[in-house]
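A.B. asks: sequence below, structure please.
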Amino acid sequence: MVPDEQNKNGLLSTSVSFEYVKARLSINTKQLQCPQCDLQSDNLNWFEFRTPDASWRHLAGRQGFCAECPVCNIEVQNIVTKMS
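C.D. replies: Got it, this is the predicted structure:
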């Protein structure tokens with residue numbers, strides 16, 4: 001895992017392995033694939049994200065996982081695991 005990185009919107013995201021995601025989710029992430037190039041789940045770039053503290057104070061906070069295709073440079077899936 002790489003250290004937390006904060007983007008311009010204050011969103012914290014950490015690169016994680018597909019094994020890490022599978023261990024924490026009860027849904028079948030194995031069936032995910034890029035809609036443009038058909039790259040499978042285990043080859044996508046996975047990130048764990050958490051919105052800034054201010055969003056949680058305003059009852060708009062989100063936390064979860066995001067899958068991005070490294071070939072097409074698009075977001076394939078956004079899975080929210082916690083929200084306020």
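A.B. asks: what's the burial count for Cys34?
C.D. replies: By other CB atoms under 10 Å, the residues close to Cys34 number 21. Just so you know, the C-beta spots here come from the backbone N, C-alpha and C atoms, and that holds for glycine as well.
A.B. asks: contacts only, for it.
C.D. replies: Contact analysis of Cys34 by CB atoms under 8 Å, 6 or more residues apart in numbering lists Leu44, Cys69, Val71, Cys72, Ile74, Val76.
A.B. asks: out of these, grab the one that's most surrounded.
C.D. replies: Leu44 (23 neighbours).
A.B. asks: not counting its neighbours along the chain, what's nearest it?
C.D. replies: In space, and not counting its chain neighbours, Leu44 is closest to Ala67: 4.4 Å by CB to CB, 6 or more residues apart in numbering.
A.B. asks: ok, that neighbour touching Asn45?
C.D. replies: Yes: applying CB atoms under 8 Å, one finds Ala67 in contact with Asn45, separated by 7.1 Å.
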